[in-house]
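Peer 1: I'll drop the sequence and a predicted model, then ask my questions.
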Amino acid sequence: MTESLNHSFERHLLGGRFFVSGEPVIVAVSTGVDSMTLLDLLEKLPANKQPNIIVAHVNHELRAQSEIEEKFLYQYCQNHHLELHVTHWPVSDHPSNGIEEAGRHFRYQFFARLMQQTGARVVMTAHHGDDQAETVLMKLVRGDVLTSLRGISAKRPFAQGSLVRPLLPFTKEELRSYAASQHLQWFDDATNDSLSVSRNRYRHRYLPALANENRQVKKHLDQFATDLGDLLDLSNDYCRQLAAKLTSGQYETLALREWQSLPAYSQRVFLRWWLQQAGVTELKRREFQQISVLLTNAAHPQARVSLPGKLVLIKNYQQAYIQKDEQNQNNLVQLSQNVVELGAWYPLGQDQELAVLKTAPGKLDDSGIEIHRMWLAPDQLPLTLRHVADGDHLLLRGGHWQRASRVMIDAHVPKWRRRRQPVLVDAHGVVVWLVGLKLSWFERIANYQNVWQELFLCRRSTKGEPHE
């Protein structure tokens, strides 16, 4: 068993390409049998295949045994020459309700901070095959949407790198047998046996009952999650291809006429995918059905539907789009195609305004002013202030171009704000300033100071400030 599990684990790591040998990898260790087995398996990899192991432990301060576990792990890491990082979740920070989810959030915040601190790009947790089976079964019973039934991913993006679960191919029984054969020390959490926790009921009551019907039920649930994941990946590829025809911008706007021309099953599949791209991930089945009916109902050409996450879906005749609820948009304004008059201030919303001045402002006070000095050729004037449009590009040094949409993505501008991003363009339609984000670079001629005009692009806060 030991040799088989060691070799199977090594082959699985090689096939998954979860990390590069020698690179720092954070291993989440609770001192339970699963995480202690993961740690031991990693330590026993051949030297040329081992990562640089960094042990991360969270003391949740939920029981007296937590202190004993922490001291044990300190001694273990010292004996094995492993780097250890420990943090505490103070009892004073524990919520009265939802403590499991709050604890999980605290752990993963700690892992993300540790990645920045150590430069690691991989975090490993000890989730195994039984966890996968429990998760899939729980979601099936709850009636979760199909896209969530793929269960636990072996690898997914996390913080500045990836979250990896290399024990998913192995059962709890295999891990416990390995730990016993290697005389590993671990600590059992008594709360894992409490049937007041829903996951524990699936673990100790429902899955054993199903195993009486078929001893391979855990394996079959894992295979179901894997097969479904493959189908969903294929579906996502299909939806990305459809998006080129059905959406504009960064998938923000859905062309309803084209979407309605699809077969009903394609409409549903694409609509779920489109909603997920916009951050709508907790939609109930009934709510999804209502949205689907609304978007096909010609009797209601305009509508507004509130969504989870403080989002709102807007239907406007043959278009639909999702944005932050108007109450949370902080007064974003609708810009028309304004030809900019030099010296005049124009409202941008969000308590800001913009001006293009011939001379620099004489007083740089606490009004939050931002100033950019710019020389422009005569044929570039007048300038126009408007919202960013598809196809807008910035000119870079050396004659290269960059899409405005890419600048906004790199700057982590929320999708709901990108469609309202103000931009200053010249008379040729070339972006001069993607306001608040980036300026274009214009190559100057030899005697530009005698021919071109010096201007100052300004943005300031209007919050609490008197207007002239």
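Peer 2: The structure has been received and is ready for your questions.
Peer 1: for the rest of this, base every contact and every neighbour count on C-alpha atoms.
Peer 2: Will do.
Peer 1: residue 392 contacts residue 406, doesn't it?
Peer 2: No. In this structure, residue 392 is not within contact of residue 406 by CA atoms under 8 Å, at 10.2 Å.
Peer 1: these two: which has the busier surroundings?
Peer 2: Neighbours per residue (other CA atoms under 10 Å) separate residue 392 from residue 406, with residue 392 holding more: 17 against 12.
Peer 1: secondary structure class for the closest residue to residue 148 other than its chain neighbours?
Peer 2: Nearest non-adjacent residue to residue 148, counting by CA to CA, 6 or more residues apart in numbering: residue 139, 7.6 Å away. The assignment at residue 139 comes out as helix when based on DSSP: H, G, I helix; E, B strand; the rest coil.
Peer 1: do you know the pLDDT at residue 139?
Peer 2: Residue 139 is assigned a predicted lDDT (pLDDT) of 87.
Peer 1: just residue 95 next, same as before
Peer 2: Note on residue 95: pLDDT of 87.
Peer 1: also residue 89?
Peer 2: At residue 89, the model reports a pLDDT of 91.
Peer 1: how close does it get to residue 107?
Peer 2: Applying CA to CA, to the nearest Å, the value for residue 89 to residue 107 is 9 Å.
Peer 1: residue 352 contacts residue 462, correct?
Peer 2: Yes. Here residue 352 lies in contact with residue 462, judged by CA under 8 Å, at a distance of 5.4 Å.
Peer 1: phi first, then psi, for residue 291.
Peer 2: Phi and psi for residue 291, reported as degrees, to the nearest 10, are phi -70, psi -40.
Peer 1: just give me the neighbour total for it.
Peer 2: The local packing of residue 291 (other CA under 10 Å) involves 15 other residues.
Peer 1: and for residue 243?
Peer 2: Around residue 243 there are 20 other residues, counting by other CA under 10 Å.
Peer 1: do residue 356 as well
Peer 2: Other residues lying near residue 356 total 24 when counted by other CA under 10 Å.
Peer 1: lowest average confidence, helix or strand, in the chain?
Peer 2: Least confident element among the helices and strands of the chain, by mean pLDDT, DSSP states H and E: helix 415-418 (a mean of 68).
Peer 1: in contact with residue 184, which residues?
Peer 2: Shown in contact with residue 184 (CA atoms under 8 Å, 6 or more residues apart in numbering): 36-37.
Peer 1: could you look up the SS state of it?
Peer 2: Three-state assignment for residue 184 (three-state DSSP): coil.
Peer 1: and it, how far is that from residue 41?
Peer 2: 11 Å.
Peer 1: do the same with residue 434
Peer 2: From residue 434 across to residue 41, the span is 51 Å (CA to CA).
Peer 1: those two: who's more crowded?
Peer 2: Just comparing residue 434 and residue 41: by other CA under 10 Å the higher neighbour count belongs to residue 434, 22 against 19.
Peer 1: now the element after the lengthiest helix in the chain, going C-ward?
Peer 2: If you go by DSSP state H, the chain has its longest helix at helix 217-246. Using DSSP states H and E, the next helix or strand after helix 217-246 towards the C-terminus is strand 247-248.
Peer 1: show me what the next helix or strand after that next one is packed up against.
Peer 2: The helix or strand immediately downstream of strand 247-248 is strand 253-255, counting by DSSP H and E. Applying 3 or more CA pairs under 8 Å, 6 or more residues apart in numbering; DSSP states H and E, we find strand 253-255 packed against strand 247-248, strand 319-324.
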